[in-house]
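Novice: Pasted the sequence and its predicted model underneath.
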2 protein chains.
Amino acid sequence: MGKLLIVGTIAFDAIETPFGKTDKILGGAATFIGLAASQFDVQSAVVSVVGDDFPEEYMDIFANLNIDTSAVERVKGGKTFFWSGKYHNDLNSRDTLSTELNVLADFNPVVPEAFRNADVVMLGNLHPNIQLSVLDQMTKRPQLLVLDTMNFWMDNSWDELIQVLKRIDVITINDEEARQLTGEYSLVRAASKIQTMGPKYVVIKKGEHGALLFHDESVFFAPALPLEEVFDPTGAGDTFAGGFVGYLAETKNTSFNSLRNAVIHGSNLASFCVEKFGTERMLEINKAEVDRRLRQFKELTQFDIELL
Amino acid sequence: MGKLLIVGTIAFDAIETPFGKTDKILGGAATFIGLAASQFDVQSAVVSVVGDDFPEEYMDIFANLNIDTSAVERVKGGKTFFWSGKYHNDLNSRDTLSTELNVLADFNPVVPEAFRNADVVMLGNLHPNIQLSVLDQMTKRPQLLVLDTMNFWMDNSWDELIQVLKRIDVITINDEEARQLTGEYSLVRAASKIQTMGPKYVVIKKGEHGALLFHDESVFFAPALPLEEVFDPTGAGDTFAGGFVGYLAETKNTSFNSLRNAVIHGSNLASFCVEKFGTERMLEINKAEVDRRLRQFKELTQFDIELL
């Protein structure tokens, strides 16, 4: 069992899909990453910030899953980060209706003493300067540093993002962002260019079309599980990342083969996330269900062509 | 070694992609299917029609690959079917610039005597009435009947297409066409509805996003091989179908497991097809190259998560 440090947002989300809409519900990158990683045998902590409007019952969710929240700062008189968005009919694209940074605007992350020697660090999507600050607080080079980011930081904090890229091992990014980061349309070329910018491993997330893991000349692919219905894609990318780092922190094996398995675990957990609004589905799944679906992933992808 | 009967167009294509454009070159569904199937140990024949503008050197291509063309009608004074199209920059969509049916307009297919007991029949994309006529000429129920079709026939020959669907075992169709055929957005639901229309197996082609094989409650997925560059997608779907039926005709094994392997072989061959204009790449590949890429497919998809 390894130590996993998760940095990212804890948020209120208000979501509208073709199937319905929610009031403010629990969301945020660190939340989805933490919930997914809690499916593994890991010791994890979240570094984040909330306002004093953030309900105790939401904090209890983390506590009940043995996720250390001592480094989740609670700002007196502050309001929790809020995002609201509306998905289009195909659920592949969405409009952001509102983004209120609130307490996130002045966030200074403090890594808890006990996690400064974490084995795996997951830098969830946040300002690159916050990600850099976390890296600077580590007393030991973690076995694996994983970064998630998005187009917003490419548009607004390019130089800082490039600094983070130089220091990490794995980047998870979606297809459009990989193209924006490199100016290459071909994902093979984009991944190869990103590897020259720092990370040895590049994970390109393609939503319902699965995820690719690139390393040197090798590629591994995990499909998304074909589902009858995708209800709400919010958090799927972070859930994927949480499953990915959760597995790696549990095994403390960061070989390429282990990363391949980690991509499958990430895709597996993401397939649950999209079945209900927000974190709802992730809060009810159990080990038996997760294993059953892993078996479906095997059936979905394994074949027996004999090669000499 | 089984007998494979291929019905489909032989055509002139004029193609424009972001990388260049061609004059009239060899194309057509039956052509791509035949070339791909010739990678397997099969006895195959093509039923099709050309005009007397069709060059002998193109006919020789089939002969050199041991593809029986005795049932390729040559219409005196007729012109060969012609298609021209221009791909958009992302190569995922295209505009048809011109479609000249020519000799295809009055085509009456005649199945050669020696192939009326074929083991596998591949009905390439053509008017459903031509496909029905071929089925009626078979003296023995083939082990496997595979159909490819497109949105054009859904728009213009719905009733005839429904008749063909009732009589076949496998349909290969792209994602948008599966949605149009069923009115279901979810591909899982679409595939399940198509199975009630006749075919026991449904293959949904998603281009660069791979292909899904549905059967009862089971799903299998073959990714497209991630390539540095896709040069010309023309014929990729037919090449996929050719690899699929070629493998099944060689093995004469039509179990679900065998169909899974066939989907991989189809994806593998399609990955070559898109690397050059038209049939160019398919005419130069050899067994060693094909096997090497099959190995890449294994590395791309196989993982070793142990499940109890």
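Specialist: Cool, the structure landed.

Novice: Tell me which residues of the host helix or strand of residue A:267 come out buried.
Specialist: For residue A:267, the element it lies in under DSSP states H and E is helix A:256-273. Buried residues in helix A:256-273, counted by 16 or more other CB atoms under 10 Å in any protein chain shown: A:258-273. All C-beta atoms are positioned from the backbone trio N, CA, C, and that covers glycine.

Novice: Then stretch A:87-104?
Specialist: Per 16+ other CB under 10 Å, stretch A:87-104 contains these buried residues: A:87, A:91, A:102-104.

Novice: Can you pick out the most distant pair from those?
Specialist: A:91 and A:103 (29.9 Å; CB to CB).

Novice: if we can go back for a sec, and which of the buried residues of stretch A:87-104 is nearest residue B:15?
Specialist: Using CB to CB, the buried residues of stretch A:87-104 come closest to residue B:15 at residue A:91, 33.7 Å.

Novice: so who does that closest one touch?
Specialist: By CB atoms under 8 Å, 6 or more residues apart in numbering or on different chains, the contact list for residue A:91 reads A:17-18, A:230, A:233.

Novice: which stretches of the stretch 1-150 of chain A form helices?
Specialist: Secondary structure of the stretch 1-150 of chain A (DSSP state H, counting those that start in this stretch): helices at A:29-37, A:56-64, A:128-137.

Novice: Mind putting the ones you listed into CSV with mean neighbour count and distance to residue A:303?
Specialist: Output for these, formatted as CSV (neighbours: other CB atoms under 10 Å in any protein chain shown; distance: least, CB to CB, whole Å):
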stretch, mean neighbour count, distance to residue A:303
helix A:29-37, 30, 28
helix A:56-64, 13, 40
helix A:128-137, 19, 40
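
Novice: quick one, which of these is nearest to chain B?
Specialist: Among these, the nearest to chain B by CB to the nearest CB is helix A:29-37 (16.0 Å).

Novice: What are the contacting residues of that closest one?
Specialist: A:4, A:6-11, A:44, A:46-48, A:61-62, A:65, A:67, A:122, A:124-126, A:148, A:235, A:238-243, A:245-246, A:249, A:266, A:269-270, A:273, A:279, A:282-283.

Novice: Around chain B, which positions in the stretch 1-150 of chain A sit nearby?
Specialist: residue A:90 (CB under 8 Å from any CB of the partner chain).

Novice: likewise the stretch 201-308 of chain A?
Specialist: Counting by CB under 8 Å from any CB, the stretch 201-308 of chain A sits next to chain B at A:206, A:209-210, A:212, A:218-221, A:223, A:226-229, A:257, A:260-261, A:264-265, A:291, A:294-295, A:298-305, A:307-308.

Novice: Centroid-nearest residue for chain A?
Specialist: Nearest to the mean C-alpha position of chain A, by CA atoms, centre = their mean, lies residue A:238 at 2.7 Å.

Novice: Excluding residues flanking it in the chain, which one is nearest that one?
Specialist: Spatial nearest neighbour of residue A:238, excluding adjacent residues (CB to CB, 6 or more residues apart in numbering or on different chains): residue A:32 at 3.6 Å.

Novice: on that earlier part again, next structured bit after the helix holding residue A:267?
Specialist: helix A:287-301.

Novice: Check which helices and strands that following helix sits against.
Specialist: helix A:256-273, strand B:218-222 (3 or more CB pairs under 8 Å, 6 or more residues apart in numbering or on different chains; DSSP states H and E).

Novice: Now do the same for the closest residue to residue A:9 other than its chain neighbours: its pLDDT.
Specialist: Closest residue to residue A:9 apart from its sequence neighbours, by CB to CB, 6+ apart: residue A:28 at 3.9 Å. On the pLDDT scale, residue A:28 is placed at 97.

Novice: I'd say residue A:28 and residue A:8 touch.
Specialist: Yes. At 6.5 Å, residue A:28 and residue A:8 qualify as touching, with contact defined as CB atoms under 8 Å.

Novice: Quickly list what's touching both of the two.
Specialist: Common neighbours of residue A:28 and residue A:8 (CB under 8 Å, 6+ apart) are residue A:48.
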